[in-house]
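# just a sequence and a predicted model for now, questions to come.
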Amino acid sequence: RESLSALARAKYEASDLAAAESLLVRALDLERRGKGGEELANVLMDLASVYNRQGRFEEAEPCYREGIARDRKTFGDRHPEVAQGLSNYSVFLANVGRLDEAESAEREALSIREEILGSDHPDVHFSLHNLGWILHTKGDIEEAELLMRRVVAARRALYDEPHPHLARSLQVLGVILRTRDDLEGAAAASEESLELARAIYGDRGEPVATALNDLGIVAYLRGNLVAARARFEESLARFRDFLDESHPTVLTLRSNVATLSERMGDFAAAERVYREILEARIEARGADHPDVAMSYRSLGNALRAQGKAEEAVAALGHALVIQTATFGDPHEEVSITRVFLSEALRGAGRYAEAEESARAALAHYESRFEPGHRRIREARSTLGTALAYAGRPDEAIAFLEPELELRLTEHGPESVLVASLRGALGTCYLDLGEPGRARSSLSEALPVLRAAWPETHPTLRRAVADWERLR
């Protein structure tokens, strides 16, 4: 029986989840026909981890709960085995969006481990790592970064050779730094994580696939869409080696590739993929899961780009309701959706609502980030454009002109990010009775917008309409 469990763990580490499951189901059956006890709890926890990675959450949770209950009965509440079960369960809870429960379980595990094992024990590092990820997901980015840097430093000191625990902590640190808009730091952490993962696993396995995806996101945020697509597609291929098409991670990677299609102007293809992923996520995780909100948000943006403004508003509204219920308000994910919702409302001609949504996001960002942060700039641009379309040019220009100068420096004159601001400023100059400035701004914006977007895109439609006003 011990050999079955040990072999299953080896299969799990090699990402052969089907083989691990088969072995553990056999081991569990043997234990249930014996007297149970310590080994039964371990088999339950291992089987729960397999189900969790497969996205079979309804099957995973009873195994976690029974395993923890058996350990409490065997060892008492303040024992490392109980802490291990709680820590594993916290990861599951975070994956299904139950973040407060996840934090509570991990803090209990951390308390037990620090009390029994001391603050420098590797198991304490596990709890700090998990807690850092949970806090990041909840939006407490500063504490998350502090915890993860502590874990990375401790694991560097502990391991002389490439080790999966260090690779994983670097991967999470990269995600946290990306959230803080430190793309250079994020890229460095993700590259090191990938290097370690390849040294350990070769070119296959979940850690390699995850690091490739993270580097794709960094490339996307830097505007390098070709590099981003290559990373995303390589990551998706690696995940498909051991996960089926309905797994949440595969769905996320497909969504990332669809986002690139959207950025490259193929909005109809992106919409089609987003709808497929939305249906799959609702079926797998229920209608109120945060991943479903992400699908609604992506779908809303693709709809908005095609001029389907009210459909976009409805989809983004669904996303906002789910995220507010899951994360609370304010929260970064809620504010990101509010910015996109403002753009959709603007496309629908609902300018007062667009302004309200953008201002709410901006207020939250300004309370959390330093001036000049990417999120603050996005919200200011969105608010400025809403004001421009609402016929309030003086207020709009105060937001738009400074951002235009920054974007010109960062992206150059052929960027669609620059062109969209020039279009909004053209609207402002027209309303102020300055046709010369309007003509100059719109003449530079229109060729770029036409190359990037279909004629149905609301920003392009408005720029064309304003150009007609000049004639």
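Perfect, I can see it now.

# residues of stretch 418-435 that come out buried?
418-431 (16 or more other Cβ atoms under 10 Å). To be clear about C-beta, it is placed using only N, CA and C from the backbone, and glycine gets the same treatment.

# closest one of these to Ala319?
Ser420 (22.0 Å; Cβ to Cβ).

# do you know the pLDDT at the closest one?
With respect to pLDDT, Ser420 scores 96.

# now do the contacts for Glu108.
Ala83, Leu86 (Cβ atoms under 8 Å, 6 or more residues apart in numbering).

# if you set the cut-off to 6 Å instead, what comes out?
Applying Cβ atoms under 6 Å, 6 or more residues apart in numbering to Glu108 gives the contacts Leu86.

# where's it, which helix or strand?
helix 99-117 (DSSP states H and E).

# give the buried residues for that helix.
Buried residues in helix 99-117, defined by neighbour count with 16+ other Cβ under 10 Å: Leu99, Glu101, Ala102, Glu103, Ala105, Glu106, Glu108, Ala109, Leu110, Ile112, Arg113, Glu114.

# reformat those residues as TSV; add pLDDT.
What follows is the buried residues of helix 99-117, written out as TSV (pLDDT from 0 to 100):
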residue	pLDDT
Leu99	89
Glu101	96
Ala102	96
Glu103	96
Ala105	97
Glu106	97
Glu108	97
Ala109	98
Leu110	97
Ile112	97
Arg113	97
Glu114	96
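
# can you redo these as TSV with distance to Glu145?
TSV is the format used below for the buried residues of helix 99-117 (distance: Cβ to Cβ, whole Å):
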residue	distance to Glu145
Leu99	17
Glu101	23
Ala102	18
Glu103	16
Ala105	22
Glu106	17
Glu108	23
Ala109	21
Leu110	17
Ile112	25
Arg113	21
Glu114	20
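
# before we move on, the earlier item: quick one: which of the buried residues of stretch 418-435 is nearest to Pro80?
Taking Cβ to Cβ as the measure, Pro80 lies nearest Ser420 of those, at 55.4 Å.

# that closest one is in contact with Thr459, isn't it?
Yes: between Ser420 and Thr459 there is a contact at 5.3 Å, judged by Cβ atoms under 6 Å.

# overlap in contacts of those two?
What both Ser420 and Thr459 touch, as defined by Cβ under 6 Å, 6+ apart, is an empty set.

# so how far is the helix or strand hosting Ala211 off the chain centroid?
Using DSSP H and E, Ala211 falls within helix 206-221. Its chain's C-alpha centre and that of helix 206-221 lie 12 Å apart, by Cα atoms, centre = their mean, to the nearest Å.

# kindly report the same for stretch 136-155.
16 Å.

# helices of the stretch 251-400 of the chain, start to end?
267-285, 290-305, 309-327, 332-347, 351-368, 374-389, 393-411 (DSSP state H, counting those that start in this stretch).

# for the chain, give me the ranges with low pLDDT.
1-2, 35-38 (pLDDT under 70).

# residues in contact with the host helix or strand of Ala157?
Here Ala157 sits within helix 141-158, counting by DSSP H and E. Contacts of helix 141-158 with the rest of the structure, by Cβ under 6 Å, 6+ apart, involve 125, 128-129, 132, 135-136, 165-166, 169, 172-173, 176, 179-180.

# make it 8 Å
By Cβ under 8 Å, 6+ apart, the list of residues contacting helix 141-158 reads 120, 122, 125, 128-129, 131-133, 135-136, 163, 165-166, 169-170, 172-173, 176-177, 179-180, 332, 368.

# do the same with stretch 244-258
Under Cβ under 8 Å, 6+ apart, the answer for stretch 244-258 is 54-55, 95, 213, 216-217, 220, 229, 232-233, 235-236, 239-240, 243, 269-270, 273-274, 276-277, 280-281, 283-285, 291, 294-295, 298, 302.

# which of these are buried, as a ChimeraX select command?
Here is the ChimeraX selection string for the buried members of the contacts of stretch 244-258, based on 16+ other Cβ under 10 Å:
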select :54,55,95,213,216,217,220,229,232,233,235,236,239,243,270,273,274,276,277,280,281,284,285,291,294,295,298,302
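
# quick one: contacts for the residue nearest to Ser441 when sequence neighbours are not counted?
Once flanking residues are discounted, Ser441 sits nearest to Gly426: 4.0 Å by Cβ to Cβ, 6 or more residues apart in numbering. The contact partners of Gly426, taken as Cβ under 8 Å, 6+ apart, are Ala438, Arg439, Ser441, Leu442, Ala445, Ala463, Asp466, Trp467.

# what helix or strand is Gly426 on?
helix 416-431.

# what's the angle from that helix to helix 393-411?
For helix 416-431 against helix 393-411, the angle by axes from the mean of the first three to the mean of the last three Cα atoms, to 10 degrees is 150 degrees.
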